Structures are given as C-alpha cells and as structure tokens.
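Enquirer: Fold the following for me, if possible:
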Amino acid sequence: MNDVALHDRIASLEQEVRRAFEDAQREADAMFAQYQLSQLLASGGRPADLANVVVAEIVRVCGAAACTLLLREPGATLFRQTAATSGAPTLAADDGPLSQDEVSRSATTTEAILLPLGEEPPEGFLALWPAAGSRLDPDGVRVVQLSRHELAVAFRSAQLRETLDRERQELTAIVNGATDAIIQVDEDCRIVRINPAASQLLGQFSDASIGRRCSDVLRCAEAGAHAEDACPLAEVIQSGRPIAYREAAVLDASGVVTCVAGGYSRAASEPVGRVRATAILRDISAVRALEQLREGFVATISHELRTPLALIRGYTDTLLHLQLGPGEERHYLDRIDQATQRLTTLVTEILDIAHLQADPLILERRPVSFAALVARLRGDLVATSQDARVATTQLEDLPLLEVDPVRIGQVLENVVGNALKYAPPDSPITIGAIASAEWLTVTIDDEGLGIPESDRALVLEPFHRAHNVRESNIQGTGLGLYICRRLLEAHGGKLWVGDRPDALSGTRVSFTLPLLKGETA
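Expert: Okay, the predicted model is just below:
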C-alpha cells in the first residue's frame with residue numbers, strides 16, 4: 001500500500017510540475033507575443049503597412065482563422081477597414097465607413113469576436129474569427145487585450161505621422177509651385193528657404209542662396225528700394241508685427257532691377273526661441289508698365305484731342321466773327337477739315353484697338369495679288385500727291401496671297417503712311433517683297449528719323465512712340481504699328497522693325513503674309 005501511495009504521490013507531483021511548466025511556457029509565450037507586438041508597433045511606418053503586419057501577428061498569437069482591423073481617422077467618428085487577412089468576412093457591403101453600432105452588428109452577423117482598441121470612444125476594432133470547430137487561444141486574446149491601449153496609441157501615432165507627412169508634402173508642393181516668390185529667413189536674416197519662383201526672379205539657384213544674408217541675395221539697397229537697416233524682414237523679426245503690403249525692388253544676378261510688392265510675417269520655429277520671417281513677393285513690373293501705359297494713353301489722347309479741337313474752335317471763331325475773302329475762308333475750311341480728319345483717325349484707331357482686344361477678329365480671306373494691294377494704295381495717295389514717292393521692286397510675278405484685302409490694305413496704308421510722315425518730304429519709300437515656301441515677306445524702307453534699338457519692341461505696343469519721335473513736332477498717337485501687328489498676327493504672320501540693310505539712315509519695317517495654298521515661290 002505504501003508503494004502505491006508513493007507512486008500516486010510521485011505521479012501527482014509530476015503532473016503538477018508539468019502543469020506549472022506548461023503554465024510558465026504559456027506565460028512566456030504570451031510575454032514573447034506581447035514583446036513581438038510591441039516591437040512591431042515600435043517599428044512605426046505607414047498605418048496600412050503597420051496594420052497588415054499586426055493583423056498577421058494577431059492571427060498567429062490568437063490562433064484565429066482571420067482578422068480584420070478597423071480604424072477611424074483623427075477627428076472622425078466612423079471606422080474604415082484598414083487591413084484584413086485572407087479569408088476574413090466582409091463587414092461592409094460597399095467597403096465604406098461604419099459607425100460603432102454598425103461595426104458591432106456586422107461582427108455579430110459574421111460571428112466575429114470584437115476587441116476594441118483604446119478607451120471609449122475606441123480608436124478602432126479588431127474582429128477575430130476562430131477556425132471552424134475551435135475557439136481562439138485565450139492566452140493570445142489576453143495578450144491582445146493587454147496590448148489594446150498600446151495598439152491604439154501606435155496606430156493613432158502612425159495616422160498622425162502620415163497626416164503630418166502628407167500635409168508637409170502638400171505645403172512643399174504649394175510653396176514650390178507658387179508663382180509668387182517665397183523667401184524665409186532666420187533671426188539673423190539669413191535665408192533658410194527659397195522657392196523656385198524666387199530663384200527665377202533673382203536669377204540664381206536656390207542652393208547658392210541658402211545661408212546667405214537676404215541683403216546679399218535680394219540686393220534691395222542696390223536696387224534703390226530701401227537702406228539695408230530698413231529691411232522689412234528685419235523689421236518684422238524685431239517688432240513681431242506683420243507687414244500686409246509693401247513695395248520694394250530687387251536686383252537679380254544679371255543686374256536687372258525688378259519692382260516687387262508683397263507681405264512680410266514672423267513665425268516661431270523649433271527649437272523654442274528661434275524665429276523665422278517669411279516674405280511673399282510678386283513681380284509688379286507689368287503693373288508698373290501698365291500704369292505708365294495708362295499715363296501715356298491719357299497724355300497722348302489729351303494732346304491729340306486738345307490740339308485739333310483748339311484748331312477747329314479757333315478757325316470757327318475766325319469764320320464767324322471776321323469778314324474774310326473767299327480764298328481765306330477756303331484756307332480756314334481746309335484746316336478745319338484736316339483737324340476733323342485727325343480726330344476721325346484717332347477715334348477710328350481707338351475703336352480698332354477696342355475691337356481687336358475684345359472680340360475675335362473675323363477675316364474675310366480671299367486670293368489677292370500683292371501688286372493689286374500696292375496699286376490700290378497708290379490710288380489712295382494720288383489725292384495727296386504722295387504716290388510719286390512710293391517705289392516698288394518686282395512685285396508682278398509674286399504668288400497670290402490668301403488674306404483679307406481690306407485688313408492688309410489697312411496695314412499697308414498705316415506702315416507707308418508712317419514712312420511718308422517721318423521721312424524727308426522728297427525722299428522715296430521703297431516697297432519690296434520676297435516669297436518663300438508659305439510666306440511673302442514684305443519690306444518697306446524709308447529715309448526718316450529711324451527707330452532706336454531700345455524702342456523697337458515697344459513701338460509695337462499701344463500708345464508708345466520712340467523717344468526721338470516724341471521730341472520732334474511730328475504728330476502721332478502710337479497706335480498704328482500696334483494695330484498692324486495685331487492684324488498680321490490674326491493672319492498668322494508677324495511684324496518687326498529694324499535698320500535698313502544698305503546702312504542708310506531710316507527704318508525698315510518688315511512683315512509676313514500667308515500665300516494661297518498651292519502657290520509656290
């Protein structure tokens with residue numbers, strides 16, 4: 001009997017040891033599983049990548065057949081499926097977001113065990129499905145339950161990191177894609193950030209600007225904007241008050257001064273105590289040019305209106321109050337007629353510009369010879385006895401044009417009229433033309449004042465006259481060449497101004513006209 005009792009006692013002790021060992025093994029496995037989860041969570045990464053790894057580990061730890069993770073975005077109330085293992089039942093028919101009640105109902109319907117992550121309201125849910133005919137490992141479930149706060153914090157941190165990275169990328173894209181120049185400096189006014197628009201404005205690479213003082217990069221003092229000690233960026237750093245709008249000027253790498261305007265503000269930065277000042281600048285050179293154009297327009301129109309109106313008024317008063325002979329009356333009426341024609345020309349040109357800028361130009365194209373257009377111009381000049389001054393060179397054998405003859409006649413009349421007006425009274429005006437594969441290039445040479453090279457592009461803009469012409473007594477509005485350019489561009493051609501190729505004084509105006517399709521030079 002003693003031997004049997006001893007044997008039973010030994011067996012009981014062995015069973016207790018085995019049970020204690022198994023409990024210790026399970027506890028060790030649980031601790032290792034929890035450690036594994038902690039390591040996965042500590043690895044960080046994108047929420048989706050982290051979620052896929054975590055659900056796979058939870059399936060292993062819990063002995064589950066499948067697992068689905070649902071998370072809610074920061075600040076949201078609905079939950080969306082973030083990751084799921086293979087074979088996991090579908091919780092939402094359209095894969096859309098679910099409310100907390102809908103998650104619970106879906107879990108009940110699919111016989112899932114639902115584990116919330118975090119406190120109320122939960123940050124998310126784990127839905128676990130046991131294998132058929134078995135149940136989840138209680139130790140594994142306990143591990144997940146012990147880690148649910150850590151899981152919630154890790155996923156929320158990953159979401160916030162992803163949101164922060166996305167917002168940083170979006171902000172970088174906005175700054176780099178902005179058409180305004182954006183420059184940021186530190187408390188010593190050294191540049192810490194500069195966007196491509198600012199680099200283009202200053203004519204230098206951004207890497208060459210970082211770390212340099214803004215006064216050395218923007219060169220506002222050299223551009224005449226302000227003294228170095230009156231820098232707006234330094235002002236907002238010292239005062240803390242933003243500058244909503246201030247105009248300045250910068251000097252680019254090539255020495256060109258550009259007018260700019262914009263705002264300046266200060267912001268705190270890490271580490272604590274550091275400050276940054278940001279300038280957002282816009283090139284307002286076009287605005288300044290427009291203002292000058294408007295001022296020129298007002299001055300030109302005022303002069304061009306006042307002079308003929310004064311003449312008409314003076315001659316009319318003379319005719320009304322003085323007894324004049326027939327010859328004198330005829331002279332005054334001729335002068336009134338000339339002043340009226342001058343006003344009519346001005347109004348017509350202004351209306352032409354308004355029409356060209358407001359509406360698409362409708363051209364009535366048809367085949368026409370350039371010689372016929374020149375012949376019509378000569379006929380119009382007969383009345384003023386100016387036709388004898390127009391000389392031509394071999395226009396008879398040129399291919400036909402496909403143009404609006406009225407509009408191109410207007411171009412010829414305007415360009416030749418300018419040549420007649422600005423050249424000496426007895427000097428010739430020579431019209432030539434050369435045909436190429438698709439275009440006829442027309443040249444009109446005069447022996448007049450000439451146009452300085454610095455004004456040649458500007459005289460093709462409205463209300464601009466070359467400075468040597470403005471200093472003369474020759475009248476003009478500065479509209480004719482602009483109208484010609486727009487009419488030629490409507491035909492697909494172009495107009496340009498240059499020197500005469502024979503080195504004589506004067507100007508050569510050239511423009512292109514389209515040939516009739518099928519015609520060759």
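
Enquirer: What is the neighbour count of P89?
Expert: If you count neighbours by other Cβ atoms under 10 Å, P89 ends up with 15. C-beta here means a position set from N, CA and C on the backbone, and glycine is covered the same way.

Enquirer: swap that for D165, please
Expert: D165 sits with 11 neighbouring residues when counted by other Cβ under 10 Å.

Enquirer: need the contact list for it.
Expert: Neighbouring residues of D165 by Cβ atoms under 8 Å, 6 or more residues apart in numbering: there are none.

Enquirer: in the stretch 151-300 of the chain, which spans are helices?
Expert: Assignment of helices within the stretch 151-300 of the chain using DSSP state H, counting those that start in this stretch yields the ranges 196-202, 206-209, 214-218, 220-223, 232-239, 285-321.

Enquirer: With the stretch 401-521 of the chain instead?
Expert: Along the stretch 401-521 of the chain, counting by DSSP H, counting those that start in this stretch, helices occupy 405-422, 467-470, 480-490.

Enquirer: What helices and strands are in contact with the first one?
Expert: Which is helix 405-422. Secondary-structure packing of helix 405-422 (3 or more Cβ pairs under 8 Å, 6 or more residues apart in numbering; DSSP states H and E): strand 366-368, helix 370-381, strand 429-435, strand 439-445, helix 480-490, strand 508-514.

Enquirer: Out of these, the one nearest V411 is which?
Expert: For the helices and strands packed on helix 405-422, the distance to V411 is smallest for helix 480-490, at 4.6 Å, taking Cβ to Cβ.

Enquirer: Grab the nearest non-local neighbour of the residue minimising distance to the centre of the chain.
Expert: Centroid check for the chain by Cα atoms, centre = their mean gives T179 as the closest residue, at 4.9 Å. Excluding its sequence neighbours, the residue lying closest to T179 (Cβ to Cβ, 6 or more residues apart in numbering) is A197, at 5.7 Å.

Enquirer: that older thread, now, of the helices of the stretch 151-300 of the chain, which is deepest in the fold?
Expert: Of all the helices of the stretch 151-300 of the chain, helix 214-218 carries the top mean neighbour count, a mean of 22, counting by mean count of other Cβ atoms under 10 Å.

Enquirer: which residues are contacting that helix?
Expert: Where contact means Cβ under 8 Å, 6+ apart, the residues beyond helix 214-218 that reach it are 183, 185, 189-191, 194, 202, 204, 209, 221, 228, 231, 233, 250-251.

Enquirer: How far away from the center of its chain is it?
Expert: Computed by Cα atoms, centre = their mean, to the nearest Å, the chain-centroid distance of helix 214-218 equals 25 Å.

Enquirer: swap in stretch 146-163?
Expert: Per Cα atoms, centre = their mean, the centroid offset for stretch 146-163 relative to its chain is 39 Å.

Enquirer: For it, list every residue counted as buried.
Expert: S147, R148, E150, L151, A152, A154, F155, R156, A158, Q159, E162 (16 or more other Cβ atoms under 10 Å).

Enquirer: Tabulate the CA atom coordinates of it in PDB.
Expert: Taking C-alpha atoms only, stretch 146-163 is exported to PDB below (Å, rounded to 0.1, in the frame of the first residue of the first chain):
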ATOM      1  CA  LEU A 146      -3.400  43.800 -22.600                       C
ATOM      2  CA  SER A 147      -1.900  45.500 -25.700                       C
ATOM      3  CA  ARG A 148      -5.000  47.200 -26.900                       C
ATOM      4  CA  HIS A 149      -4.000  50.600 -25.400                       C
ATOM      5  CA  GLU A 150      -0.600  50.300 -26.900                       C
ATOM      6  CA  LEU A 151      -2.100  49.300 -30.300                       C
ATOM      7  CA  ALA A 152      -4.500  52.300 -30.200                       C
ATOM      8  CA  VAL A 153      -1.600  54.700 -29.400                       C
ATOM      9  CA  ALA A 154       0.600  53.200 -32.100                       C
ATOM     10  CA  PHE A 155      -2.000  53.300 -34.800                       C
ATOM     11  CA  ARG A 156      -3.000  56.800 -33.900                       C
ATOM     12  CA  SER A 157       0.600  57.900 -33.900                       C
ATOM     13  CA  ALA A 158       1.100  56.300 -37.300                       C
ATOM     14  CA  GLN A 159      -2.000  58.100 -38.700                       C
ATOM     15  CA  LEU A 160      -0.800  61.400 -37.300                       C
ATOM     16  CA  ARG A 161       2.600  60.900 -38.800                       C
ATOM     17  CA  GLU A 162       1.100  60.100 -42.100                       C
ATOM     18  CA  THR A 163      -1.200  63.100 -41.900                       C
END
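
Enquirer: who's in contact with the nearest residue to L126 once chain neighbours are set aside?
Expert: Leaving aside its chain neighbours, L126 sits nearest to L115 (4.3 Å; criterion: Cβ to Cβ, 6+ apart). Contacts for L115 (Cβ under 8 Å, 6+ apart) come out as F125, L126, A127, L128, V141, V144, Q145, R148.

Enquirer: same question, V236
Expert: Neighbouring residues of V236 by Cβ under 8 Å, 6+ apart: P242, I243, Y264, S265, R266, A277.

Enquirer: cutoff 6 Å now
Expert: V236 sits next to I243, Y264, R266, A277 when contact means Cβ atoms under 6 Å, 6 or more residues apart in numbering.

Enquirer: Okay, and which of the residues you listed map to strands?
Expert: In this view, the contacts of V236 that belong to strands under DSSP state E are I243, Y264, R266, A277.
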